[in-house]
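**Student:** when you get a sec, could you give me coordinates for this:
(chains A, B, C and D)
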Number of protein chains: 2
Amino acid sequence: MHDPLPLFPGYALRRAANATAAELAGLLSKLGLRQSDASALILIGANPGVTASAIGRALDIQRANMVPLLKKLEDGGLISRAPIDGKSRGLDLTTRGRDRLDDARRVIEAFEAELLARVPAAHRAHLLPALEALWR
Amino acid sequence: MHDPLPLFPGYALRRAANATAAELAGLLSKLGLRQSDASALILIGANPGVTASAIGRALDIQRANMVPLLKKLEDGGLISRAPIDGKSRGLDLTTRGRDRLDDARRVIEAFEAELLARVPAAHRAHLLPALEALWR
DNA sequence: AAAGGATTGCTATGATCAACTACAATCTCT
DNA sequence: AGAGATTGTAGTTGATCATAGCAATCCTTT
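**Tutor:** Okay, the predicted model is just below:
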């Protein structure tokens, strides 16, 4: 069957993203995390006391959709919230959350390394700059 | 706010794919098409008489989910189905479907060209090969 | 030619995810 | 003090995708 689609960079981009996202999701699910969970943990770990809104902005997740995400993390004992002022609450990792983040980071970094290894050496260094140009 | 995520190629890949997919979806919606619709039209146009299952395999869409997709295209008068044998039906573009495909192709090709133009020339030629290595 | 297994198209259902609206409380700027 | 923006939350909706099951048909092997 003749299939011209893979020649479109945009199509290849979507297929590659879907395929790799599915792989990573499978790995993270063993830790009980989705990608958005892991991303949030990473950001909270790197920015103790950050607000839910700020995380949402960084990850392009609507404020409203942060609610169930953070609730799950809190219910799982991974994060805690402490009032900053009357309306904002700062997010922090619990000890448990820090451990889980360490696990997730190991999984993610191994996976990212494996991704790069798939790319022929001649193209490898160009991937990230090219993607950033598309995104930002 | 400190955000280490964009340094991960896999993360940049997902963000770039989401951003560009949203842009393309906006363009195609003016034609009343989603990406999967347009992809199906392209494949049917390139392979007259192809079956629904074959399209699904090429696009990684489950057999069951092809049903409403093709139904919409047929209801819109873009494709027709003719029995191949007792159980398979061959898909073809109607005149209307061919016209719509031409429109879609123009939109997509202009968009793909614009995508490539965003990528600095030094990286441009490396993008497609790198993506294919990740995907296949 | 008969039979077992695979394929096709379809129905129906459920899970998941993200977008949206709306709202009250609070902050910030002038 | 007041206007406008921001924060967190609830609730709803729509789109997408996976799954399981089914009847009809096909293909291959014996």
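
**Student:** how far away is A:Glu74 from DNA strand D?
**Tutor:** For A:Glu74, the distance to DNA strand D under the criterion CB to the nearest atom of the strand, to the nearest Å works out to 9 Å. All C-beta spots, glycine's among them, are computed from the backbone N, C-alpha and C.

**Student:** confirm A:Ala82 sits in a strand?
**Tutor:** Yes. For A:Ala82, which was evaluated using DSSP: H, G, I helix; E, B strand; the rest coil, the result is membership in a strand.

**Student:** so it sits against A:Ser88, correct?
**Tutor:** No. With the criterion set as CB atoms under 8 Å, A:Ala82 and A:Ser88 do not qualify as a contacting pair; they are 10.1 Å apart.

**Student:** surely A:Ala38 is in a helix?
**Tutor:** Yes. When the secondary structure is assigned by three-state DSSP, A:Ala38 falls within a helix.

**Student:** circling back to that earlier point, mind checking which of A:Ala82 and A:Ser88 has more residues around it?
**Tutor:** Under the criterion of other CB atoms under 10 Å in any protein chain shown, the comparison of A:Ala82 against A:Ser88 puts A:Ser88 first, with 14 against 9.

**Student:** need the longest helix for chain A.
**Tutor:** Assignment by DSSP state H gives helix A:95-118 as the longest helix of chain A.

**Student:** do a quick rundown of the strands in chain A.
**Tutor:** Per DSSP state E, chain A has strands spanning A:79-83, A:89-93. These are given in chain order.

**Student:** can you list the ones you listed in CSV and add distance to DNA strand C and mean pLDDT?
**Tutor:** Putting those into CSV (distance: least, CB to the nearest atom of the strand, whole Å; pLDDT from 0 to 100) gives the following:
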stretch, distance to DNA strand C, mean pLDDT
strand A:79-83, 8, 96
strand A:89-93, 11, 96
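
**Student:** just say which of those strands is most tucked in.
**Tutor:** Compared across the strands of chain A, strand A:89-93 shows the largest average neighbour count, a mean of 18 (mean count of other CB atoms under 10 Å in any protein chain shown).

**Student:** which outside residues touch that strand?
**Tutor:** Contact partners of strand A:89-93, identified using CB atoms under 8 Å, 6 or more residues apart in numbering or on different chains, comprise A:41, A:44-45, A:48-52, A:55, A:70, A:78-84, A:101.

**Student:** nothing else from me, thank you.
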